[in-house]
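Colleague: Sequence plus predicted model, see below.
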Amino acid sequence: LDITGMPENQEILVVVKNVIGQQLYSKVIISDNNGSTLVAVDPYNRLPAGTYIVIATSDDKLLLSKRLIIQ
């Protein structure tokens, strides 16, 4: 997942939830000097096919909310 437009050099919590709200993945990342970063959401292919919500927050502020579809 390519995330852009984030605050520069800041800790960002990335969470993946299923459609019923269960948290399946979370990771703290540091954005680069350009406010962008790449996140491997499911590096081991453990998430089954379906629709998920990816949420990125920093300092209790919502930075990103996206739908992710895994086929």
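Modeller: Looks like it arrived, so ask away.
Colleague: tell me which helix or strand of the chain sits lowest on mean pLDDT?
Modeller: strand 2-3 (a mean of 74; mean pLDDT, DSSP states H and E).
Colleague: Who are the contact partners of the spatially closest residue to A40 that is not a sequence neighbour?
Modeller: On the basis of CB to CB, 6 or more residues apart in numbering, the spatially nearest residue to A40 that is not a chain neighbour turns out to be L1, at 7.8 Å. C-beta here means a position set from N, CA and C on the backbone, and glycine is covered the same way. Neighbouring residues of L1 by CB atoms under 8 Å, 6 or more residues apart in numbering: V14, L38, V39, A40, V41, V54, K66, L68.
Colleague: so which of the residues you listed is the most crowded?
Modeller: Of the contacts of L1, V14 is surrounded by the most neighbours, 20 neighbours in total, counting by other CB atoms under 10 Å.
Colleague: ok, that one to I30 distance?
Modeller: In this view, V14 and I30 are 11 Å apart by CB to CB, to the nearest Å.
Colleague: on that earlier part again, parallel or antiparallel, list what pairs with the least confident helix or strand of the chain.
Modeller: Strand 2-3 pairs in its sheet with strand 37-38 (antiparallel), by DSSP bridges.
Colleague: Can you name the element that comes right after the strand it pairs with?
Modeller: strand 50-58 (DSSP states H and E).
Colleague: elements contacting that next one?
Modeller: Packing partners of strand 50-58 (3 or more CB pairs under 8 Å, 6 or more residues apart in numbering; DSSP states H and E): strand 11-18, strand 61-70.
Colleague: Most tightly packed of the ones you listed?
Modeller: Per residue and on average, the most neighbours among these fall to strand 11-18, with a mean of 17 (mean count of other CB atoms under 10 Å).
Colleague: Mind listing the strands that strand pairs with, and their directions?
Modeller: The strands beside strand 11-18 in its sheet (DSSP bridges) come out as strand 23-30 (antiparallel), strand 50-58 (antiparallel).
Colleague: For M6, which of the ones you listed is the nearest?
Modeller: When the strands paired with strand 11-18 are ranked by distance to M6, counting by CB to CB, first place goes to strand 50-58 at 7.1 Å.
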